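Engineer: What shape does this take:
(2 chains)
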Protein chains: 2
Amino acid sequence: MRKGKTFILSGPSGVGKGTVLKMLLETQKNVYISVSATTRAARSGEVDGIHYHFLDTATFEEWIAQDAFLEHAEYVGNFYGTPKKFVDSAMDEGKDVILEIEVQGALQIAKKRPEAVLIFVVPPSWEELERRLTLRGTDSPEKIRQRLQRAKEEFRIAYAYPYHYFVYNGIVEEAAKELDAIMTAEHCRSMERLEILCD
Amino acid sequence: MRKGKTFILSGPSGVGKGTVLKMLLETQKNVYISVSATTRAARSGEVDGIHYHFLDTATFEEWIAQDAFLEHAEYVGNFYGTPKKFVDSAMDEGKDVILEIEVQGALQIAKKRPEAVLIFVVPPSWEELERRLTLRGTDSPEKIRQRLQRAKEEFRIAYAYPYHYFVYNGIVEEAAKELDAIMTAEHCRSMERLEILCD
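Structural biologist: Alright, predicted model coming up:
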């Protein structure tokens, strides 16, 4: 059985990562989308284990102490993290794992898992990203300005070194096809699949 | 316009590289399959510029002196080589170039063009390769034994270092899909496509 691989998906707010992932799951069936753990309270409609793994602060800190996270961070008084165990058990089952995660968390994971494949989803232009954020209608002009600023900073970090692939989300079908191609191609780099041919 | 990339396709005699390429051309339209130059005489039905670029020995040697080949070799008294100019002009037109070439020639090209992507087509097993060579019915058992020996040697070289990807040709549709994915994914690694996003 082929072993699963870890793919980290980053990219600015509003670029459409969720839509691309949804479309990807129509072609790549053997995929586990990682669910984060958090100490923040569940909102109405959020289901434990689906939207987040909801943990109390004591448990979260115990998991940190046990090195049970691939990455974790504090944000507005709550902890967020990626639990190792769900990722590892999915990979052991032969599933590819996709982690949707921002650049700082991705770099934490890249240190622990140098074999992880880092993918950054980019808009066709910054103007187009601004247009999408504006159309979404959830943010003030000031908030949109901040998001664009942050998007450019994250892109500069991703571009400067660690990211392996950049997927354009101009047309969502094209972006999903590129992501699908990256996952397929990365399995062709695997040495383990060739062991049967080695004397 | 995106710039073309160079993909080198190697793999043992009988593994089905030609069939995979034929199927690939149904999905990847913007591709130039490199045509070799040779000093051997054209056989009945062979067309200059389609099957080979047929050159006389003086011209071939002149091209060698001008460094006009990406790789060249002598085989049974004739010269064979990959002319640079057709590859380069196709890439300038935005086409991806595929060179079907054996391992030694591929290594020559990899030195001159470190950005070339090296792909090795492997059979699902050596027994299956032997079966395919036998079914083809063109070789004696002794010749098949030699081809298998050579296939294993080439695979060991490809595996030991320079090849980036290994495509299984178990089912030809799957192999063509993998090759297609590799070409798409490699374009997502390109930095030039991101220049518009850089300040």
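Engineer: Please count neighbours and contacts with C-alpha atoms only from this point.
Structural biologist: Will do.
Engineer: A:Thr57 is in contact with A:Thr39, isn't it?
Structural biologist: Yes - at 5.7 Å, A:Thr57 counts as touching A:Thr39 under the criterion of Cα atoms under 8 Å.
Engineer: for chain A, which spans come out with low pLDDT?
Structural biologist: Scanning chain A with the threshold set as pLDDT under 70 gives A:1, A:191-193, A:196, A:198-199.
Engineer: Those residues of it touching chain B, which are they?
Structural biologist: Applying Cα under 8 Å from any Cα of the partner chain, we find that chain A lies next to chain B at A:125-126, A:156, A:164-167, A:178-182, A:184-185, A:188-190, A:196-198.
Engineer: Mark which of these are part of helices, please.
Structural biologist: A:Trp126, A:Arg156, A:Glu178, A:Leu179, A:Asp180, A:Ala181, A:Ile182, A:Thr184, A:Ala185, A:Cys188 (DSSP state H).
Engineer: Can I get these in TSV including neighbour count?
Structural biologist: As requested, these are exported to TSV (neighbours: other Cα atoms under 10 Å in any protein chain shown):
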residue	neighbour count
A:Trp126	18
A:Arg156	14
A:Glu178	26
A:Leu179	28
A:Asp180	20
A:Ala181	22
A:Ile182	29
A:Thr184	19
A:Ala185	24
A:Cys188	23
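Engineer: could those go into JSON lines alongside distance to A:Glu102?
Structural biologist: Shown next, in JSON lines, are these (distance: Cα to Cα, whole Å):
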{"residue": "A:Trp126", "distance to A:Glu102": "18"}
{"residue": "A:Arg156", "distance to A:Glu102": "13"}
{"residue": "A:Glu178", "distance to A:Glu102": "20"}
{"residue": "A:Leu179", "distance to A:Glu102": "17"}
{"residue": "A:Asp180", "distance to A:Glu102": "20"}
{"residue": "A:Ala181", "distance to A:Glu102": "22"}
{"residue": "A:Ile182", "distance to A:Glu102": "19"}
{"residue": "A:Thr184", "distance to A:Glu102": "23"}
{"residue": "A:Ala185", "distance to A:Glu102": "24"}
{"residue": "A:Cys188", "distance to A:Glu102": "27"}
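Engineer: picking that back up, now for A:Thr57 and A:Thr39: what residues contact both?
Structural biologist: Contact criterion Cα atoms under 8 Å, 6 or more residues apart in numbering or on different chains; residues shared by A:Thr57 and A:Thr39: A:Phe79.
Engineer: which of the two has more neighbours?
Structural biologist: Neighbours were counted for A:Thr57 and for A:Thr39 using other Cα atoms under 10 Å in any protein chain shown; A:Thr39 has more, 21 against 14.
Engineer: Surely the more buried one and A:Tyr52 touch.
Structural biologist: No - A:Thr39 is beyond contact range of A:Tyr52, at 9.4 Å (criterion: Cα under 8 Å).
Engineer: Taking chain A, what residue is nearest to chain B?
Structural biologist: Nearest residue of chain A to chain B: A:Ala181, at 4.2 Å (Cα to the nearest Cα).
Engineer: B:Cys188 is in contact with that residue, correct?
Structural biologist: No - applying Cα under 8 Å, one finds A:Ala181 not in contact with B:Cys188, separated by 9.5 Å.
Engineer: Strands of chain A, residue ranges please.
Structural biologist: In order along the chain, chain A carries the following strands (DSSP state E): A:6-10, A:31-33, A:37-38, A:53-54, A:69-75, A:78-83, A:96-100, A:117-122, A:165-168.
Engineer: what about those strands, which gets the closest to A:Ile144?
Structural biologist: A:Ile144 sits nearest to strand A:117-122 of all these, at 16.4 Å, using Cα to Cα.
Engineer: Now do the closest one: everything it contacts.
Structural biologist: Applying Cα under 8 Å, 6+ apart, the contact partners of strand A:117-122 are A:6-12, A:15, A:17, A:106, A:155, A:158, A:162-169.
Engineer: Direction included, what does that strand pair up with?
Structural biologist: Strand pairing for strand A:117-122, determined by DSSP bridges: strand A:6-10 (parallel), strand A:165-168 (parallel).
Engineer: Kindly reformat those as a markdown table containing mean neighbour count.
Structural biologist: Formatted as a markdown table, those follow (neighbours: other Cα under 10 Å):
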| stretch | mean neighbour count |
| --- | --- |
| strand A:6-10 | 24 |
| strand A:165-168 | 25 |
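Engineer: Which one of the ones you listed lies nearest to A:Ala110?
Structural biologist: Proximity to A:Ala110 (Cα to Cα) singles out strand A:6-10 among the strands paired with strand A:117-122, at 9.0 Å.
Engineer: Just the endpoints, please. Distance across stretch A:87-100?
Structural biologist: With Cα to Cα, to the nearest Å as the measure, stretch A:87-100 spans 12 Å from end to end.
Engineer: Which residues are in contact with A:Ser13?
Structural biologist: Neighbours of A:Ser13 in contact, by Cα under 8 Å, 6+ apart: A:Arg147, A:Ala151.
Engineer: now the one 3 residues further on
Structural biologist: A:Gly16 is in contact with A:Asn169, A:Val172, counting by Cα under 8 Å, 6+ apart.
Engineer: Would you check how far apart A:Lys95 and A:Arg131 are?
Structural biologist: 36 Å.
Engineer: and those two? which has more neighbours close in?
Structural biologist: The neighbour comparison of A:Lys95 against A:Arg131 (other Cα under 10 Å) goes to A:Lys95, with 22 against 13.
Engineer: Find the nearest non-adjacent residue to the more buried one, please.
Structural biologist: A:Gly4 (4.5 Å; Cα to Cα, 6 or more residues apart in numbering or on different chains).
Engineer: Count the neighbours of A:Ala90 for me.
Structural biologist: 21.
Engineer: who touches stretch A:173-190?
Structural biologist: Here stretch A:173-190 makes contact (Cα under 8 Å, 6+ apart) with A:5, A:7, A:20-21, A:23-24, A:27-28, A:167-169, B:164-167, B:178-182, B:184-185, B:188.
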